[in-house]
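> Everything below, folded, please.
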Amino acid sequence: MSGVRDSKPFYDMGLTVVFRPSDTLGGLHLLGADTSRTYTGQFVEQMSATDFMTYDDYHSSNRRPVRLLVRKLDRQQRIISGTFEGSLYGGTSGHDSLAVADGRFDLKY
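Alright, predicted model coming up:
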């Protein structure tokens, strides 16, 4: 993941997204770490990031969830694509935020 800090680009972030693909194209997921959307007790739909420069952790929040939209789900070729945007919260003080804008993913599963 890339970003801008003090007007300089950086690439020292790790991003984790956990969600269950929907059966329909255009499946909207609201990702929040404290959400009640769990599936058979195995996982919670959420997004988190780690800043490897400061080792701060940021997480999605149910109050202002990250919006993830599945735009392509090809079950034959096992490809899923989509976009996401929102804010992650945490950091050293616990009150910092990290904006995620124009996020895109294209994955084989």
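> got the contact list for the residue most central in space within the chain?
Nearest to the mean C-alpha position of the chain, by CA atoms, centre = their mean, lies Met47 at 3.4 Å. Contact partners of Met47, counting by CB atoms under 8 Å, 6 or more residues apart in numbering, are 15-18, 31, 59-60, 66, 68, 84, 86, 88, 100. In short, each C-beta sits where N, CA and C put it, glycine included.
> Most neighbours among the residues you listed, which one is it?
Comparing the contacts of Met47 by number of neighbours (other CB atoms under 10 Å), Ser60 comes first, having 30 neighbours.
> How about the contacts made by it?
Counted by CB under 8 Å, 6+ apart, Ser60 has contacts Leu31, Gly32, Ala33, Gln46, Met47, Ser48, Val66, Gly86, Leu88, Tyr89.
> Among those residues, name the ones in strands.
Leu31, Gln46, Met47, Ser48, Val66, Gly86, Leu88, Tyr89 (DSSP state E).
> follow-up on the earlier one: could you check how far the residue nearest to the centre of the chain is from Val70?
Relative to Val70, Met47 is positioned 14 Å away (CB to CB, to the nearest Å).
> What of Asp51?
Plainly put, Asp51 is 27 Å away from Val70 if you go by CB to CB.
> ok, the closest residue in space to Gly27 that isn't next to it in sequence - how many residues close by?
Among residues not flanking Gly27 along the chain, Val70 sits closest, at 4.3 Å (CB to CB, 6 or more residues apart in numbering). A count of nearby residues for Val70, using other CB under 10 Å, gives 20.
> and what of Tyr58?
Neighbours around Tyr58, by other CB under 10 Å: 22.
> wouldn't it be in contact with Ser97 here?
Yes. With contact defined as CB atoms under 8 Å, Tyr58 counts as touching Ser97 (7.5 Å).
> Need the residues touching each of the two.
Common neighbours of Tyr58 and Ser97 (criterion: CB under 8 Å, 6+ apart): Leu88, Tyr89, Gly91.
> OK, contacts around the closest residue to the first one other than its chain neighbours?
For Leu88, ignoring the flanking residues on the chain, the nearest one in space by CB to CB, 6+ apart is Tyr58 at 3.6 Å. Neighbour list for Tyr58: Ser48, Ala49, Thr50, Asp51, Leu88, Tyr89, Gly90, Gly91, Asp96, Ser97, Leu98 [criterion: CB under 8 Å, 6+ apart].
> Good, we can wrap up now.
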